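K.L.:
below are the sequence and a predicted model; questions follow.
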Amino acid sequence: MPTNRGERGHYEYKSRLSDWDSRAGVRAGVRRLLEEETAEKVYFSPALDPIIRHPLLVRLGKEAERSLLIYHLYSYLEFTASFEIEVVNRGAQRIAFGKSGLDLPSEMLFDAYKIYCDEAYHSLYSIDLKVQIEAATGIKPLPYNFGDFLRRFNKAREAVPPNLRPLSGLLFVIVFETLISSTLNKIPKDEQVVLAVRKMIADHANDEARHHAFFSSFMDVLWPQLSKRQKSILGPILPHFIIKALEPDYEAIKRRLKMYDLRPEEIDQIMAESYPWPEVIDGLRKTAGATLQLFRRNGLFEDPQTLEEFQKSGLII
Ligand SMILES: [Fe+2]
Ligand SMILES: [Fe+2]
């Protein structure tokens, strides 16, 4: 169980956003501009894109590798731009306006307001960088459809009754905001990547470390306020939320591959060999380590059905 409860069981919230005015990117950061010579650099870490190493793509040469990494970055930026506004900020807004249906410390409501501003800015600078890269490289982004992602997320919660849907939306935000994504973690340190991309992702990671602390506290406040029945409905959908939040966007990757001189069966082969499920779920388990720990300390795995769903998913072994 969470330990930071006062004598009368009231949650003692410790804000990580009290110095927001001097530390948040939107208050103290600078606009990142693409200014260096980029011929030697790549736009996304090859180590984070398994298809790059596939022999059928290596055969296509360096130019194909370079453009594939640009397409990967575009997808990441477009996803971020939409996700921040259409998912995280819907939750942040409900919390900030006291409409979460939960009893929360007032400081938490104000912190959610700050997060709302952060996420809007993350969305803005994601698009800013995408536009700059398109202008510098001449490579046009492929059509991106965030609706496909929302459909997959809604499918993961189709068993949730309508009265619990808003709560399931907040849980999805908690999941996403407490995952430690390898993109945020590794790209800032990867010297092969162009500096503006590394700096922008480092800016984002700085803000997200504070959001991580907020949403961990938010989970600690939210979960004990649910009834046993609500917990037994919502707990078992959480492994599916983690998987939907993190698994590769297979359809978008296939659309990218269709831009190259590859036969349909070669594309299928690249996909199957680059994303074997045991490797994918291994990676997801690591990325979700802090989230799983947060769930454990809130007693989620004491519910047999929740535990069973997590074990079946492969997120707990
Ligand atoms: Fe963000
Ligand atoms: Fe965030």
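P.N.:
Okay, I see it. Numbering: from 1, shown residues only. Ligands and ions are numbered 1, 2, ... in the order given.
K.L.:
please make it C-alpha for all contacts and neighbour counts, starting now.
P.N.:
OK.
K.L.:
give me the distance between the nearest residue to residue 179 once chain neighbours are set aside and residue 282.
P.N.:
In space, and not counting its chain neighbours, residue 179 is closest to residue 288: 5.1 Å by CA to CA, 6 or more residues apart in numbering. Distance, residue 288 to residue 282, by CA to CA, to the nearest Å: 10 Å.
K.L.:
give me phi/psi at residue 42?
P.N.:
phi -110, psi 170 (degrees, to the nearest 10).
K.L.:
higher neighbour count, residue 288 and residue 282?
P.N.:
residue 288 (22 against 13; other CA atoms under 10 Å).
K.L.:
the more buried one contacts residue 242, correct?
P.N.:
Yes. Contact criterion CA atoms under 8 Å: residue 288 and residue 242 qualify, at 7.3 Å.
K.L.:
what about the helices in the stretch 201-317 of the chain?
P.N.:
Here the stretch 201-317 of the chain has its helices, by DSSP state H, counting those that start in this stretch, at 228-234, 238-246, 250-257, 264-274, 277-287, 289-297, 304-313.
K.L.:
now what about the second one, what contacts it?
P.N.:
Residues outside helix 238-246 that contact it (CA atoms under 8 Å, 6 or more residues apart in numbering) are 152-153, 156, 171-172, 175-176, 284, 288, 309-310, 313, 315.
K.L.:
moving C-terminal of the longest helix anywhere in the chain, what's the next helix or strand?
P.N.:
Using DSSP state H, we find that the single longest helix of the chain is helix 106-137. Remark: after helix 106-137, the chain's next helix or strand is helix 146-156, criterion DSSP states H and E.
K.L.:
mind giving me the packing neighbours of that next one?
P.N.:
On a contact count with 3 or more CA pairs under 8 Å, 6 or more residues apart in numbering; DSSP states H and E, helix 146-156 meets helix 238-246.
K.L.:
and the helix it packs on with helix 277-287, angle?
P.N.:
Relative orientation of helix 238-246 and helix 277-287, computed by axes from the mean of the first three to the mean of the last three CA atoms, to 10 degrees: 100 degrees.
K.L.:
thank you, goodbye.
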